[in-house]
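Enquirer: Test case, fold it:
(2 chains)
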Amino acid sequence: MSEIFTVAVLVAVTASAIRLAVPLLLASLGETFGQRSGVLNLGVDGIMLIGAFTGYYAVLKSGNVWLGLLAGAMVGLALGFASAVIAVTLQAKQGISGIGIYLFGLGMSDLLFQKLVGTPIPINTFPKINVPILSEIPYLGPMLFRHSLIIYLAFAAIPISMFIINRTTFGMNIRAVGEYPEAADTLGVSVTGVRYATQLIGGTLAGMAGGTLAISLGIFQQNLTNGAGFIAIALVYFGAWRPVGIMLGALLFGFVNALVLELKTLEIIPRDLSNLAAMAPAVITILALAFVARRFRAPAALTKPFTRGQ
Amino acid sequence: MKKKSMKLAVLIAVFALVAAACGNADESEDGGFRIAIIAPSASNDLAFTQSIVDAANLLKESGVVSEVAITDGTFVVDDAAVAIRDYASDGYDLVIAHGSQYGGSLQEIAPDFPDVSFAWGTSADTFGLPNVYSYEAASDQGGRVMGIMAAALSRSNVIGIVGPIEVGDAKLYVDGFKAGVLIQNPGADVRVNYIDSFSDVALASEAANSLIGAGADVLSGTAQMVVGAVGVAKTEGVLWFGTQANQTSLAPEIVVASQVYRWDVIFREIIENVKNGKLGGEIYSITFANEGLVIEYNDGYSLPADVRKLADDAIETFKSGG
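Expert: Model (predicted):
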């Protein structure tokens, strides 16, 4: 039992938590833009899957991980556009259409993998970067400053998202459209335009999240995300539609997962309780969600389509 | 009016021809033996599903069966149940439900098709039904051989195993591997991490990281999610032992050997039984003795001769009934 209370374990668990959190963080941030503008996209996992395959395939063919990430982002952008057409222009029920996008992504990513690749072939992964000086700090260095560049980029996306949402005209328009689209429209804000833009951002980040996952693992497999896109949506609620809250949620989810793995490795969790321990991340997330739901409210126009004059 | 009648007749004739053609597709054209496989992951997962698909292809190449139909990726049990029922309705001679999780569905469906033979694995339960065979892999045998080699190769004397859910042949393999390590080196520290998922590649990777962090310099693992763990082992320069299919292609630098399932060995016998009118009721197992289990070594890894001898001796012990 004393094994768990060592600095080495804390370092390992924290580093693992950060790696597990990053795909969730990217996808959740993207979904936040959409939800703040009033559009719920349940198809995040499907977009992540297509992004994961595209990123994987681009790296397989080119050997360049950044080209792979870009390819994942671009296909995410295209699917974000498709989501916008379905949810904003065609005004389909957002829950149902999102499930459709998810199923499309699940099936198409596997089909493309079977037809274009076949047997899993390893690809290059993101190189780790030791941040000069900082990576040498005892304990903190290995925990925080010996990751791949994509990890730092993902965390850099948090203040950028905060700035866009809270400090720019575009962000103000997003919030206005998500709360009271009729008023925003009266003031000359294009509700359709804003919602299209947020879906494009959301799709791009979801595609990047999938690409990040596949390239970090160096492999693609059917249903690689294993439902991570749905967890990302839950984290948007967990984080109360705020980037910092979402980051804390993603890190908590990653940390609990990493801690459970470490406890199993150290054989601290009895094998009989292993299944219960595996549920811990989901249970903690649900409890936190229940807490958040009582303190914060969702954007008022979330899931409500907008038609001028109605 | 006459023209209309003529068009209608032509349309009906075309429809009848198409329907007849479709009907023929459902029936065996040469009176051969038709098998259908329902499996949880991709046909080329380098693990559980690939092992049965490879076996089916061997059976087809050798002329034992005339047609192989595969529905893979059915990780949703309800989808698998639909596929099982469809294949049985289509008159396939043998429907193979390749996944422990499909047992409940098969128990419900098989009695509705008393003339169709079903096989379910990995399991040792036929539900007492006369048209259900069950099959399993004595993966603990290969696990033990791999464990012996792992203990002989480890310098840190810490060896890690990434497991999925503690059931079926995964549990057998893990238990066998652990036993093998301790036979070779009773003082070794074997760490087992069941991640409670057959599909979470990211979690399997982190489990491998965690085991390496605990000092493991040799890893093994079972089920389709281990592709992530193999990647971590490759990055960290840690040796890997595979199972279910040959995993050398994932990391030729660090894969020492793989236990490969040769399901075709027992399916030749099952198919012969079905042809002779015995549709089920028996349990089969692949072992070293019946050559359903094979250890395939990575030619690119220079395994010390004494370690290879330890493995060969252990295999011989199993073959001679030890």
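Enquirer: For the rest of this, base every contact and every neighbour count on C-alpha atoms.
Expert: Noted.
Enquirer: Need phi/psi at B:Gly215.
Expert: For B:Gly215, the backbone dihedrals (degrees, to the nearest 10) come out as phi 110, psi 0.
Enquirer: so it makes contact with B:Ser156?
Expert: Yes - B:Gly215 is within contact range of B:Ser156, at 6.7 Å (criterion: CA atoms under 8 Å).
Enquirer: neighbour count winner among the two?
Expert: Using other CA atoms under 10 Å in any protein chain shown as the criterion, B:Gly215 and B:Ser156 rank with B:Gly215 on top: 16 against 13.
Enquirer: report the longest helix in chain A, please.
Expert: Counting residues, the longest helix found in chain A (DSSP state H) is helix A:7-36.
Enquirer: Is that one in proximity to chain B?
Expert: Yes - judged by CA under 8 Å from any CA of the partner chain, helix A:7-36 and chain B are in contact via A:12, A:16, A:20.
Enquirer: TSV please, covering these and showing neighbour count and pLDDT.
Expert: Shown next, in TSV, are the residues of helix A:7-36 next to chain B (neighbours: other CA atoms under 10 Å in any protein chain shown; pLDDT from 0 to 100):
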residue	neighbour count	pLDDT
A:Ala12	21	90
A:Ser16	26	95
A:Leu20	23	96
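Enquirer: any low-confidence regions in the chain?
Expert: By default, I'm working from chain A. A:1-5, A:271-272, A:274, A:277, A:293, A:310 (pLDDT under 70).
Enquirer: You answered for a different chain; I wanted chain B.
Expert: Looking at chain B by pLDDT under 70, you get B:1-31, B:322.
Enquirer: Nearest residue to A:Gly203 in space, ignoring adjacent ones along the chain?
Expert: Distance criterion CA to CA, 6 or more residues apart in numbering or on different chains; nearest residue to A:Gly203, sequence neighbours excluded, is A:Gly80 at 4.0 Å.
Enquirer: now swap in B:Val226 and tell me
Expert: B:Ala204 (6.1 Å).
Enquirer: Count the neighbours of that neighbour for me.
Expert: Neighbour tally, B:Ala204, other CA under 10 Å: 30.
Enquirer: didn't it look like it was pressed against B:Met225?
Expert: Yes - B:Ala204 lies in contact with B:Met225 (CA under 8 Å); the separation is 6.4 Å.
Enquirer: give the contact list for the residue nearest to B:Asp196 when sequence neighbours are not counted.
Expert: The shortest distance from B:Asp196 to any non-neighbouring residue, by CA to CA, 6+ apart, is to B:Ile165 (4.4 Å). By CA atoms under 8 Å, 6 or more residues apart in numbering or on different chains, the residues touching B:Ile165 are B:171, B:194-198.
Enquirer: can you give me the strands in the stretch 201-322 of chain B?
Expert: B:218-221, B:239-244, B:255-261, B:283-286, B:293-297 (DSSP state E, counting those that start in this stretch).
Enquirer: List the contacts of the second one.
Expert: With CA under 8 Å, 6+ apart as the contact definition, strand B:239-244 has outside contacts at B:46-48, B:51, B:146, B:150, B:217-223, B:230, B:233, B:248, B:254-261.
Enquirer: Contacting chain A as well, which ones from the residues you listed?
Expert: Within the contacts of strand B:239-244, those near chain A by CA under 8 Å from any CA are B:Leu46.
Enquirer: Which parts of chain B belong to which domain?
Expert: Here the domain parsing of chain B from automatic domain parsing is B:32-138+B:263-286, B:139-260+B:292-319.
Enquirer: need those domains in JSON lines with distance to A:Leu24, can you?
Expert: What follows is these, written out as JSON lines (distance: least, CA to CA, whole Å):
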{"stretch": "domain B:32-138+B:263-286", "distance to A:Leu24": "23"}
{"stretch": "domain B:139-260+B:292-319", "distance to A:Leu24": "12"}
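Enquirer: Of those domains, flag the one that's most buried.
Expert: Across the domains of chain B, averaging neighbours per residue (mean count of other CA atoms under 10 Å in any protein chain shown) puts domain B:139-260+B:292-319 on top, at a mean of 22.
Enquirer: Let's see the distance spanning that one from one end to the other.
Expert: One end of domain B:139-260+B:292-319 sits 14 Å from the other (CA to CA, to the nearest Å).
Enquirer: quick one: what helix or strand has the closest residue to chain A within the stretch 1-150 of chain B in it?
Expert: The minimum distance from the stretch 1-150 of chain B to chain A, using CA to the nearest CA, falls at B:Asn44 (4.9 Å). Using DSSP states H and E, B:Asn44 sits in no helix or strand.
Enquirer: Do I have it right that it meets B:Gln50?
Expert: Yes - using CA under 8 Å, B:Asn44 makes contact with B:Gln50 at a distance of 5.0 Å.
Enquirer: what does chain A put close to chain B?
Expert: Residues of chain A lying near chain B (CA under 8 Å from any CA): A:12, A:16, A:20, A:118-122, A:213, A:217-219, A:221-226, A:258, A:261-262, A:264-267, A:274-275, A:278.
Enquirer: what about 7 Å?
Expert: Residues of chain A found near chain B (CA under 7 Å from any CA of the partner chain) are A:16, A:118-122, A:217-219, A:222, A:224, A:226, A:261-262, A:264-265, A:275, A:278.
Enquirer: among those residues, which are in helices?
Expert: A:16, A:217, A:261-262, A:264-265, A:275, A:278.
Enquirer: Out of the residues you listed, who's the most crowded?
Expert: Neighbour counts for those, by other CA under 10 Å, peak at A:Leu261, which reaches 29 neighbours.
Enquirer: what's stretch A:102-122 in contact with?
Expert: Stretch A:102-122 is contacted from outside by A:43-47, A:49-50, A:53, A:218-223, B:44-45, B:250, using CA atoms under 7 Å, 6 or more residues apart in numbering or on different chains.
Enquirer: could you redo the last one with a cut-off of 8 Å?
Expert: A:42-50, A:53, A:60, A:218-223, B:44-46, B:231, B:249-251.
Enquirer: So which bits of that stretch are buried?
Expert: By neighbour count with 16 or more other CA atoms under 10 Å in any protein chain shown, stretch A:102-122 contains the buried residues A:102-110, A:113-114, A:118-122.
Enquirer: before we move on, the earlier item: give the contact list for the residue nearest to A:Gly203.
Expert: Counting by CA under 8 Å, 6+ apart, A:Gly80 makes contact with A:199-204.
Enquirer: Turn these into TSV, including neighbour count.
Expert: As requested, those are arranged in TSV below (neighbours: other CA atoms under 10 Å in any protein chain shown):
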residue	neighbour count
A:Gln199	34
A:Leu200	25
A:Ile201	23
A:Gly202	31
A:Gly203	35
A:Thr204	30
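Enquirer: which parts of chain B sit against chain A?
Expert: Close to chain A, as judged by CA under 8 Å from any CA, chain B has residues B:41-42, B:44-46, B:73, B:191-196, B:199-202, B:205-207, B:210-211, B:213-214, B:227-228, B:231, B:249-251.
Enquirer: so which residue of chain A comes closest to chain B?
Expert: Here chain A gets closest to chain B at one residue, A:Thr119, 4.9 Å apart by CA to the nearest CA.
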